[in-house]
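Student: Could you look at this predicted model? Sequence included:
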Amino acid sequence: MSMQTVMVVGAGQMGAGIAQVHAVAGFHVYFNDLTEEKVTAGRQGIEKQLQRQVDKGRMEQDAMQDALGRITPSTSLEDAANVDLCIEAAVEQMEIKKKIFQELDRHAPTTAILATNTSSLPITEIAAETNRPAQVIGMHFMNPVPVMKLVEVIRGLQTNEDTYKDVKAAAEALGKTPVEVNDAPGFVSNRVLMPMINEAICTVNEGIAAPEDVDQVMTLGMNQPMGPLTLADFIGLDTCLYIMEVLHEGFGEDKYRPSPLLRKYVKAGWLGRKSGRGFYVYNN
Ligand SMILES: CC(=O)CC(=O)SCCNC(=O)CCNC(=O)[C@H](O)C(C)(C)COP(=O)(O)OP(=O)(O)OC[C@H]1O[C@@H](n2cnc3c(N)ncnc32)[C@H](O)[C@@H]1OP(=O)(O)O
Ligand SMILES: NC(=O)C1=CN([C@@H]2O[C@H](COP(=O)(O)OP(=O)(O)OC[C@H]3O[C@@H](n4cnc5c(N)ncnc54)[C@H](OP(=O)(O)O)[C@@H]3O)[C@@H](O)[C@H]2O)C=CC1
């Protein structure tokens, strides 16, 4: 199936990036969140990112306007009636995702594919909320979406071959490299990445080193582009906690227990860069 129109549900940092790369690649995008304010803020973020590309001489002003013109704001999932592919990028909470998928299933054409950008939640369980589990799949973009080449494509138990092939082709049309993995908590990306971040938080909690020093060990010592605490702030500490909880519950092993310091920060509303404070302080 040739896909031309997508809906992106959730206008946060990931939703905005996913909407941006689709619009630039020529897809029509319904950009959805619960409120107009959220959608407008997300769209402004996209405009700012594209303007930087224009300023650097990497994009024509006309191309930027065309891309922005392909983004239609939406606050109703009924708009899914017009799309070939829905990509859900709302908050990392199973109950919220289940509700969204039930509703998308009601409104999207029966031929449409329903994808989730979840970082860790079981695709199979999300798919079971719909009447089209064979057309539900994980399409896991990395942050920042316009920069990172990977899309982890996760097959649920019932995902069919056509759905996999269409999503692989859609990722390639964005200039991304799809990598196929099976459904398991955290998939590959966050099963490997998040325990490392959690362990870095444990070293801070145990007073072994300050956040800056932990980050320096990993940037200067391991050539990581961002230290694990800077990266945790960048991802969002709420998202990091939800992912650790999925790993802990999914595998039932102590090694995945979220650091108490991570829980404390999230309870305090210190969610990292997006809230202005996490392991570091930001002037957003
Ligand atoms: C949690 C999950 O489920 C999965 C995940 O996403 S885990 C997170 C995965 N992401 C990472 O690990 C990111 C690690 N960090 C990096 O790779 C780099 O630090 C980075 C690419 C973000 C920034 O790179 P840098 O060299 O330190 O900074 P900088 O030179 O300012 O930026 C490099 C490029 O990225 C772009 N960029 C940086 N931040 C950006 C953002 N938030 N949005 C869009 N573009 C961005 C810059 O514009 C710049 O582009 P050009 O080279 O075309 O000018
Ligand atoms: N951050 C990262 O590095 C990565 C995150 N992901 C995944 O992407 C998803 C989004 O993460 P991220 O963008 O960082 O999170 P954000 O918190 O930045 O954005 C989530 C957005 O979804 C909105 N939202 C919440 N409930 C609904 C709903 N019912 N319908 C529509 N929108 C809703 C939120 O609105 P409000 O704020 O009003 O609640 C918010 O605007 C998560 O599943 C996450 O695990 C995947 C890869 C990387």
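Tutor: Ah, there it is. Ligands and ions are numbered 1, 2, ... in the order given.
Student: what does the stretch 151-284 of the chain put close to ligand 1?
Tutor: The stretch 151-284 of the chain has residues 189-190, 193, 225-226, 231, 235 near ligand 1, with proximity defined as Cβ under 6 Å from any ligand atom. No exception for glycine: its C-beta is placed from N, CA and C like everyone else's.
Student: Contacts only, for S189.
Tutor: Neighbour list for S189: 119, 140, 142, 150, 152 [criterion: Cβ atoms under 8 Å, 6 or more residues apart in numbering].
Student: cutoff 6 Å now
Tutor: Contact analysis of S189 by Cβ atoms under 6 Å, 6 or more residues apart in numbering lists E152.
Student: And it, what's its pLDDT?
Tutor: At S189, the model reports a pLDDT of 98.
Student: next one: the one 5 residues further on
Tutor: According to the model's per-residue confidence, M194 sits at a pLDDT of 98.
Student: What is the burial count for it?
Tutor: By the criterion of other Cβ atoms under 10 Å, M194 has 26 neighbours.
Student: same thing with M59?
Tutor: Quick note: M59 (other Cβ under 10 Å) scores 16 neighbours.
Student: before we move on, back to that, which two in the residues of the stretch 151-284 of the chain next to ligand 1 are spaced the farthest apart?
Tutor: N190 and P225 (17.4 Å; Cβ to Cβ).
Student: ok so, going back, rebuild the residues of the stretch 151-284 of the chain next to ligand 1 as CSV, extending it with distance to Y265.
Tutor: Formatted as CSV, those follow (distance: Cβ to Cβ, whole Å):
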residue, distance to Y265
S189, 22
N190, 18
L193, 18
P225, 23
M226, 18
L231, 15
I235, 13
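Student: Buried among the residues you listed? Need that as a selection in PyMOL.
Tutor: Of these, the buried ones go into a single PyMOL selection, burial set by 16 or more other Cβ atoms under 10 Å:
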select buried, resi 189+190+193+231+235
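Student: check the residues of the stretch 151-284 of the chain next to ligand 1 against ligand 2, which are close?
Tutor: Of those, the ones that also sit near ligand 2 (Cβ under 6 Å from any ligand atom) are I235.
Student: Residue of the chain nearest ligand 2, please.
Tutor: Residue of the chain nearest ligand 2, by Cβ to the nearest ligand atom: G12 (1.8 Å).
Student: list the contacts for V83?
Tutor: With Cβ under 6 Å, 6+ apart, V83 has these contacts: 5-7, 112.
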